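**Student:** Here is the input, now give the coordinates:
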Amino acid sequence: GRVYISQTSNRGSGSLVGIDNKIEQAMDLVKSHLMFAVREEVEVLKEQIRDLAERNAALEQENGLLRALASPEQLAQLPSSGLPRLGPSAPNGPSI
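**Tutor:** Alright, predicted model coming up:
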């Protein structure tokens, strides 16, 4: 809600400046806490991306090996997903 301040004396404008300063300090504190939380979350997400990229690379390698060992008949039974059938197709995702 809104805060209404009535000025009843000459020191009213001084108290408004004081209130403005306190509001600014509170907003700066909120901003710094928010920035800290965002940075922390970004680090967690970067770690998850690294883990997923490693897992993806391992699964692509395993997939390539299994496809190399499979017979043509077995490969023909696999659903077509539009993805390359053999070997890695691209770098292992974003580098972080």
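**Student:** Run through the chain and note the low-pLDDT ranges.
**Tutor:** Low-confidence segments of the chain (pLDDT under 70): 1-13, 81-96.
**Student:** what about the helices in it?
**Tutor:** Ranges of helices in the chain, per DSSP state H, are 12-69, 72-77.
**Student:** Please identify the most buried of these.
**Tutor:** helix 12-69 (a mean of 11; mean count of other CB atoms under 10 Å). C-beta coordinates here come from the backbone N, C-alpha and C atoms, glycine included.
**Student:** any idea how far Gln74 is from Arg67?
**Tutor:** Applying CB to CB, to the nearest Å, the value for Gln74 to Arg67 is 9 Å.
**Student:** same question, Val44
**Tutor:** Val44 is 34 Å from Arg67, by CB to CB.
**Student:** Same question for Lys22.
**Tutor:** Remark: distance between Lys22 and Arg67 (CB to CB) = 66 Å.
**Student:** distance of Gln77 from Ser71?
**Tutor:** Remark: distance between Gln77 and Ser71 (CB to CB) = 10 Å.
**Student:** do the same with Pro79
**Tutor:** Pro79 sits 17 Å away from Ser71, going by CB to CB.
**Student:** ok, these two, which is more surrounded?
**Tutor:** Between Pro79 and Ser71, counted using other CB atoms under 10 Å, Ser71 has the larger neighbour count: 8 against 5.
**Student:** Good, we can wrap up now.
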